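Asks: Would you be able to build a 3D model of this:
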Amino acid sequence: NHPYTPKVIFKQRSSASGFTLLEIMAAVTLLALIFTTVMQIRAGAIDKAVRGRSLSISARLGKSLLHQMESGLVIDLVDGYTGDFSEEGFGQFKYVVGAGDSSQYSSVSANDLEDVWRDYRKNQDEDNAVDEDIKKPEFTRVFITITYPTSAKDETEDYVLEALVDTWAVELDFELYDFL
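Replies: Have a look, this model is predicted:
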């Protein structure tokens, strides 16, 4: 034997070797916490994906309806015009159209200045209704509010699209179209 050779001492194991009950319970608890967290993250991701898809569909359907309005293809377009997109395959997506600055179907999130402007325009529209010779505005503000389902049961959300549309297209006044 060499004097610098380390001696290795082996410990004998008893026949009761293995994990203790406390170690197993700690491992199971840790796995349960990790599994619960992963499932919550997964559920949140699925919910966000469903909401994002519905919002994307709402935007696409709203733009399609807006293009139909701009082309003068929507007949009987009045303030409060309602419908759904069942012809496009999305019957659960419903819409209401507000036409004009004084529309009661305008965007819900209007601030105080916007409310003052709408009241002014409403009064101006009422005053102009008496005078038939008043020139119509070139554009009319249009609000399309699309209500779509969320991933939660019986809950809906709204997507509001606001645009200026040629007045002739809103009122289907083709003489005004020729004039403009």
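
Asks: From the contact counts, what lies against the longest helix along the chain?
Replies: As assigned by DSSP state H, the longest helix anywhere in the chain is helix 21-70. Packing partners of helix 21-70 (3 or more C-beta pairs under 8 Å, 6 or more residues apart in numbering; DSSP states H and E): strand 90-99, strand 139-149, strand 156-166, helix 167-171. (Each C-beta comes from the backbone N, C-alpha and C, glycine too.)

Asks: Which of those comes out lowest on mean pLDDT?
Replies: Mean pLDDT values for the helices and strands packed on helix 21-70 show the minimum at helix 167-171, a mean of 80.

Asks: Just the CA trace of that helix, in PDB.
Replies: Coordinates of each C-alpha in helix 167-171 appear next as PDB, following Å, rounded to 0.1, in the frame of the first residue of the first chain:
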ATOM      1  CA  THR A 167     -73.600  61.500 -46.500                       C
ATOM      2  CA  TRP A 168     -75.000  60.400 -49.800                       C
ATOM      3  CA  ALA A 169     -74.200  56.800 -48.900                       C
ATOM      4  CA  VAL A 170     -75.900  57.000 -45.500                       C
ATOM      5  CA  GLU A 171     -79.000  58.700 -46.800                       C
END
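
Asks: if we can go back for a sec, per-residue confidence averaged over the longest helix of the chain?
Replies: 93.

Asks: Report how many residues lie close to A43.
Replies: 11 (other C-beta atoms under 10 Å).
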